[in-house]
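> can't give you the sequence, but here's the structure:
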C-alpha cells in the first residue's frame, strides 16, 4: 500500500513547527543566560573596584586577609586529622573562626564571631592556635 503523501506532509509540518518552537526557546534561554553573565560581570567589577571614599587605591582594611588553619584529631580513636579550625579576620581582628569536628558517625561545624581577635564564645585551644597562625 503506498504511503499517503498528505500524511507525510502533515508529519513534516509538525516536525518543522516543533523544531521552530524548540529553536525559539533555546534562543530565549541563551539570551537569559547572557543577561545573567553580564549582571554577574558588573557585580565582580564593582567588588574589585577601589573604594570611592577618595582614598588612594590599595588593600581594603576590612578584607579578611589574615587566614590560619589547624588540622587535628578531635577524638583519640580517629586518625587522619579530619577535624579543623580556621580563622579569617581583617586588620582590625574582626572576622570569624570556623571549626569542624569530625567523628565516626557525624561531623559538627561551628562558627564563632571575632571582634578585635576576641569572641564572646569560649575558644578551644585549636581555635586559638588558628588565630595565632593567621597572624604570621
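Thanks, I have the structure now. Everything numeric in this text was worked out from a predicted model, so none of it was measured.
> following the helix or strand of the chain with the lowest mean pLDDT, which helix or strand comes up?
Least confident helix or strand, the chain: helix 5-48 with a mean of 89, by mean pLDDT, DSSP states H and E. Counting by DSSP states H and E, the next helix or strand C-terminal to helix 5-48 is strand 66-72.
> between the following helix or strand past that following strand and strand 66-72, how many degrees?
Using DSSP H and E, the helix or strand that follows strand 66-72 in sequence is strand 83-89. Interaxial angle of strand 83-89 relative to strand 66-72 (axes from the mean of the first three to the mean of the last three Cα atoms, to 10 degrees): 170 degrees.
> point out the other helices and strands that strand 83-89 packs with.
Here strand 83-89 touches strand 66-72, strand 95-102, helix 125-135, going by 3 or more Cβ pairs under 8 Å, 6 or more residues apart in numbering; DSSP states H and E. Where C-beta positions appear, they are placed from N, C-alpha and C, glycine not excepted.
> residues in contact with residue 130?
Listed by Cβ atoms under 8 Å, 6 or more residues apart in numbering, the contact set of residue 130 reads 68-70, 85-87, 97.
> domain map for the protein?
Annotated domains of the chain cover 1-51, 66-135 [automatic domain parsing].
> now the helices and strands packed on strand 83-89 as TSV including distance to residue 15?
Output for those, formatted as TSV (distance: least, Cβ to Cβ, whole Å):
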stretch	distance to residue 15
strand 66-72	58
strand 95-102	55
helix 125-135	63
